[in-house]
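Visitor: just need the structure, nothing else, for what follows:
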Amino acid sequence: MDAMQQQMYDTWRATRRGERPPPLPGTHDREVLRDLRRRFRARREAGARRRAGAWPRW
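Guide: Next comes the predicted model:
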């Protein structure tokens, strides 16, 4: 089942239950990518800080 078929099924199911339909595929992609990028950078910077203090520089 591809994304469009899943969207159609979820919309049909929500309509039958009287719920709001789900957002269209790709609606929140920018926010998700921005959040992933922010988490990756924070983890990378935390690792760099941890490594910098672990070994003395001679």
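Visitor: which stretches of this structure have low pLDDT?
Guide: Along the chain, segments meeting pLDDT under 70 span 48-58.
Visitor: the helices in it, which residues?
Guide: 3-17, 29-54 (DSSP state H).
Visitor: which residues does the shortest one contact?
Guide: By CB atoms under 8 Å, 6 or more residues apart in numbering, the residues outside helix 3-17 that reach it are Met1, Arg20, Pro21, Pro22, Leu24, Pro25. Every residue, glycine included, has its C-beta placed from N, CA and C.
Visitor: what's the most distant pair in the residues you listed?
Guide: Met1 and Arg20 (21.6 Å; CB to CB).
Visitor: for Pro22, which non-adjacent residue is closest in space?
Guide: Asp10 (4.9 Å; CB to CB, 6 or more residues apart in numbering).
Visitor: quick one: that neighbour from Val32, how far?
Guide: Per CB to CB, to the nearest Å, Asp10 is found 18 Å from Val32.
Visitor: between the two, who's got more neighbours?
Guide: Taking other CB atoms under 10 Å, Asp10 and Val32 do not tie; Asp10 has more neighbours (14 against 10).
Visitor: could you measure from that one over to Pro25?
Guide: From Asp10 across to Pro25, the span is 10 Å (CB to CB).
Visitor: next: Thr15.
Guide: With CB to CB as the criterion, Thr15 and Pro25 are 17 Å apart.
Visitor: quick revisit: may I see the contacts of helix 3-17 organised as a markdown table, with neighbour count added?
Guide: Putting the contacts of helix 3-17 into a markdown table (neighbours: other CB atoms under 10 Å) gives the following:
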| residue | neighbour count |
| --- | --- |
| Met1 | 7 |
| Arg20 | 9 |
| Pro21 | 12 |
| Pro22 | 13 |
| Leu24 | 11 |
| Pro25 | 12 |
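Visitor: that concludes my questions; thank you for your assistance.
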